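Student: Requesting a structural model of the entry that follows:
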Amino acid sequence: MISGKRRHCRNEANEYVYRFTDASGKTVRMVFRLYNDGVAFRYELDSLRGDCFTDELTTYRIAEGTRRWMQQWTDSYEGFFPLATTSRVKPVPTYGPPAVSNEGYNCRWGYPALLEPYDGRFILITEANIERRQSASCLRNDGQLELYRVCPDKNEVALNGGWHTPWRVIVMGTLADIVESTLVTDVSNPCSLTDTDWIQPGVVSWIYWAYNHGSNDFRIIKQYVDMAATLRLPYVLIDAEWDEMKDGKTIEDAIGYAKEKGVSPLIWYNSSVGWVDGAPSPKFRLNKPEDREKEFAWCERMGIAGVKIDFFSGDNQMNMDYCLDLLECAARHHLLVNFHGATIPRGWQRTYPNLLTTEAVYGAEWYNNVPTFTDKAAAHNATLPFTRNVIGSMDYTPCAFSDSQHPHITTKGHELALTILFESGLQHLADKPESYFSQPAEVQHFLSELPSTWNETRLVSGYPADHAVIARRSGNTWFIAGINGNDAPLTIPLDLSFIGPFVSVLSFADAPDNGWSIGRLEELPDSMMLQSRGGFVIIVKK
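Tutor: Numbers count the residues shown, from 1 in each chain. Here you go, the predicted model:
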C-alpha cells in the first residue's frame, strides 16, 4: 500500500462458495471469505439479461441492549457516532430530511457501524470494492427495529452477463483487531497501474479553515505557500474560488509562486453533481469526459500535483461511476485525488492509489460552521480511530492551536496528537501560519518531519469516546499519540514493550497553563496523565 495504516498487507482467507438456483432458473453464488480478523461475503450472478439490481435482503440483527456507535446517514458522512444501546434513536438535523420509521426513530444508518455485543469483543460492519455498475449501500431498520437490512442506493443500470455485489465486510475481534485491520483494502481489487512512483503522500498547508474565501486572494495564498516552504511541507492546497482571483491575479500566478518556492500546488473543483446552486466555483469542468480530460491535462501541464473534488450527491451508481471516472482520468495525468463531501472509503485506495484521502468525516472544518463542535470534539475525536478511520484515510484537517469562527477547548497536546492519531495520505494542517510559527521550535520541527505513510499501526489503549492511544511506525521511528475524550483528567496505562531497544525518546505533553511540556525521556513511560480533553505525542527512535 502506498498510503494507509500498514505498508505490507496480506490477503489470506478460506473461501467457501454456495450455489443456489432461484425460481427463474438463475444461478446465484454466495461467496464467503473467512479471515482471522473478520468475514467478507458477496453475491455473484450469471446470465443476466437486462436485469436491474434494486434491492437486497441481507440483514444484520442487532439486539436491543447491544452497545453500538452508528452514524445517522447523510450523503457527506459528516456526522457523529454517539453511543447507544437501543434502536430507538431520534433523528438529528442533517443536510436533508432524515429517514424516519413509523415510530419516529431514525432508520437509515451509514457505514461503518461499530458494535460491542460482548464485553471487550467488537464487530465493525461496512462494505468494500465498489466497482462499475454498482451502487454503495447503507443500513436500514425501517421494518423491525432490531433488523438492519443492507440497502443499496439507486442503480438503474440494465445488467447483462455476469455481475456481483460489493463485498459485505464484518471486521471482528478486540478493539486492536478492529483498528489494525486492513480487511477493507484486502478484499478490494489490486492496482493495475504500472507506474506509481509519482504518487507521493505528504503534509499540506490549507487555507480554508482560517480564511473561508482565502483562495481567491493571492496575498493569502502566498502566506500559505511560504508556510509550506518554511516548514518543509511538500504541498499547498488552493481551495475553492481560485478561478475568481482578486486584484488582477490568476491561478497561474499562484501556481508559479508555489513552484518558485519548491511547493507543489493542489487545487479544488466542484464535482457539480451535489451542491451547485449557491456553491463555490469552479463548476462543470469535470462532468463531461472531454471536459475532464482537457482540465486534467491542463493541471498536469501546469505542474499541479493533485485535485480536491467536493460536493457529491450520495451513494447511487451514478456517483460511484463518476468517482471512478475521476480517479482513472486523474491517474492518466499523474494527479493525486482527495474526495470531499463524498462517500466513505470502500477500498479504492488499493485499486486507485492516487486517491490519498477522503473527507467523509465531521472534522475540524466544522469549527467554521456551527458552535456544536466545541463541546463534542474531544469525545468525537476519541471515537473516530475506532469507527471512520478504520476503513481508510480520513481528511479531518487536524492540528489547530488557534480558533476559527467557533472556539476549540481541546488542548495543544490533543491537537498535535491528531496528526498521528488520524491517518491520511494527505494530512492537511488547518491552522494559520502565524499560529504554527508561534509554537516552540520542537513543535515546528515535528510538523516538518511528520510522516504521511506508515509501515505499521498498533492500538496501544483506548475505548470509543473515552481515550485513544495509537502507535505508528515510520521506518525506524515510532510515533505514539494519545488523546483524552473526557472533560476530566485521565491517567492512561501504556504498554510500549513491543518497541524494544531505543536510541532516544522525545515527549510532547500539556503544561498546566495550556502551554507545552516538551522534553527528552530516559525510558518509555508506563502511563500518562492527561488533562481534560488533553493529549500527548511520544517519538521513539529505534
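
Student: residue boundaries of the strands in the stretch 351-500 of the chain?
Tutor: Using DSSP state E, counting those that start in this stretch, the strands found in the stretch 351-500 of the chain span residues 355-358, 426-429, 456-463, 467-474, 477-484, 490-493.

Student: can those strands go into JSON lines with extra columns for mean pLDDT, distance to Asn316 and mean neighbour count?
Tutor: Every residue, glycine included, has its C-beta placed from N, CA and C. JSON lines is the format used below for the strands of the stretch 351-500 of the chain (pLDDT from 0 to 100; distance: least, Cβ to Cβ, whole Å; neighbours: other Cβ atoms under 10 Å):
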{"stretch": "strand 355-358", "mean pLDDT": "98", "distance to Asn316": "17", "mean neighbour count": "29"}
{"stretch": "strand 426-429", "mean pLDDT": "98", "distance to Asn316": "26", "mean neighbour count": "28"}
{"stretch": "strand 456-463", "mean pLDDT": "98", "distance to Asn316": "33", "mean neighbour count": "18"}
{"stretch": "strand 467-474", "mean pLDDT": "98", "distance to Asn316": "34", "mean neighbour count": "24"}
{"stretch": "strand 477-484", "mean pLDDT": "98", "distance to Asn316": "36", "mean neighbour count": "26"}
{"stretch": "strand 490-493", "mean pLDDT": "97", "distance to Asn316": "43", "mean neighbour count": "15"}
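
Student: got CSV for the ones you listed, with distance to Tyr235 too?
Tutor: Below are the strands of the stretch 351-500 of the chain laid out as CSV (distance: least, Cβ to Cβ, whole Å):
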stretch, distance to Tyr235
strand 355-358, 10
strand 426-429, 7
strand 456-463, 23
strand 467-474, 18
strand 477-484, 20
strand 490-493, 33
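
Student: Of these, give the one that comes closest to Ile309.
Tutor: strand 355-358 (10.3 Å; Cβ to Cβ).

Student: could you dump the closest one to CSV, C-alpha only?
Tutor: C-alpha atoms of strand 355-358 as CSV (Å, rounded to 0.1, in the frame of the first residue of the first chain):
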residue,chain,number,x,y,z
LEU,A,355,-6.7,8.5,-4.1
LEU,A,356,-4.7,9.5,-1.0
THR,A,357,-7.6,10.7,1.3
THR,A,358,-11.3,11.2,1.6
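
Student: which residues touch it?
Tutor: 2-3, 199, 201, 306, 327, 336-340, 342-345, 348-349, 392-395, 424-427 (Cβ atoms under 8 Å, 6 or more residues apart in numbering).

Student: again, only this time at 7 Å
Tutor: Outside of strand 355-358, the residues within contact range by Cβ atoms under 7 Å, 6 or more residues apart in numbering are 3, 201, 327, 336-339, 342, 344-345, 348-349, 392-395, 424-426.

Student: Also stretch 132-141?
Tutor: 73, 87, 107-111, 113, 127, 130, 147-155, 157, 159, 163, 166, 315-317, 320-321, 324, 343, 346.

Student: ok, 6 Å please
Tutor: Outside stretch 132-141, the residues within contact range by Cβ atoms under 6 Å, 6 or more residues apart in numbering are 73, 87, 107-110, 130, 148-153, 155, 157, 166, 315-317, 321, 343.

Student: and if you look at stretch 281-300?
Tutor: 243, 269-270, 272, 329-330, 333-335.

Student: okay, how far is it across that stretch, tip to tip?
Tutor: End-to-end span of stretch 281-300 (Cα to Cα, to the nearest Å): 20 Å.

Student: Could you report the distance from the residue positioned nearest the centre of the chain to Thr387?
Tutor: The centroid of the chain falls nearest to Met394 when counting by Cα atoms, centre = their mean (1.9 Å). As judged by Cβ to Cβ, to the nearest Å, Met394 and Thr387 stand 10 Å apart.

Student: And the helices in this structure?
Tutor: Using DSSP state H, the helices of the chain run over residues 175-180, 183-186, 218-231, 251-260, 289-302, 317-332, 348-351, 373-381, 412-421, 433-437, 441-448.

Student: Phe311 is nearest to which of the ones you listed?
Tutor: That would be helix 317-332 among these, by Cβ to Cβ, at 11.0 Å.

Student: Report the buried residues of the closest one.
Tutor: Under the neighbour-count criterion of 16 or more other Cβ atoms under 10 Å, helix 317-332 has 317-324, 326-327, 329-331 buried.

Student: Tabulate those in TSV, adding columns for distance to Arg140.
Tutor: As requested, the buried residues of helix 317-332 are exported to TSV (distance: Cβ to Cβ, whole Å):
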residue	distance to Arg140
Gln317	18
Met318	20
Asn319	19
Met320	19
Asp321	23
Tyr322	24
Cys323	23
Leu324	25
Leu326	28
Leu327	28
Cys329	34
Ala330	33
Ala331	34
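
Student: Show me which positions of stretch 194-207 end up buried.
Tutor: The neighbour-count check on stretch 194-207 (16+ other Cβ under 10 Å) flags 199-207 as buried.

Student: The residues you listed in strands, which ones?
Tutor: Using DSSP state E, 202-206 are the members of the buried residues of stretch 194-207 that sit in strands.

Student: possible to save those as CSV with distance to Ser47 and pLDDT?
Tutor: Shown next, in CSV, are those (distance: Cβ to Cβ, whole Å; pLDDT from 0 to 100):
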residue, distance to Ser47, pLDDT
Gly202, 48, 98
Val203, 51, 98
Val204, 48, 98
Ser205, 54, 98
Trp206, 50, 97
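
Student: Can you tell me the closest non-neighbouring residue to Lys249?
Tutor: Spatial nearest neighbour of Lys249, excluding adjacent residues (Cβ to Cβ, 6 or more residues apart in numbering): Phe218 at 3.8 Å.

Student: Now intersect the contacts of stretch 132-141 with the strands, please.
Tutor: If you go by DSSP E, the contacts of stretch 132-141 have 108-110, 148-152 in strands.

Student: Pick the one among those closest to Pro440.
Tutor: Using Cβ to Cβ, those come closest to Pro440 at Gly110, 39.7 Å.

Student: these two touch, right, the closest one and Ser76?
Tutor: No: Gly110 is beyond contact range of Ser76, at 9.8 Å (criterion: Cβ atoms under 6 Å).

Student: Quick one: end-to-end length of stretch 270-289, please.
Tutor: OK, stretch 270-289 end separation, Cα to Cα: 15 Å.

Student: wait, stretch 61-73
Tutor: 18 Å.

Student: ok, the residue nearest to Gly303 when sequence neighbours are not counted to Ile123 distance?
Tutor: In space, Gly303 comes closest to Lys259 once its chain neighbours are excluded; the distance is 5.7 Å by Cβ to Cβ, 6+ apart. As for Lys259, its distance to Ile123 is 48 Å (criterion: Cβ to Cβ).

Student: follow-up on the earlier one: is it possible to get TSV of the contacts of stretch 281-300 that adds distance to Ala465 and pLDDT?
Tutor: Converted to TSV, the contacts of stretch 281-300 look like this (distance: Cβ to Cβ, whole Å; pLDDT from 0 to 100):
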residue	distance to Ala465	pLDDT
Asp243	41	98
Tyr269	35	98
Asn270	34	98
Ser272	37	98
Cys329	40	98
Ala330	36	98
His333	42	98
His334	41	98
Leu335	37	98
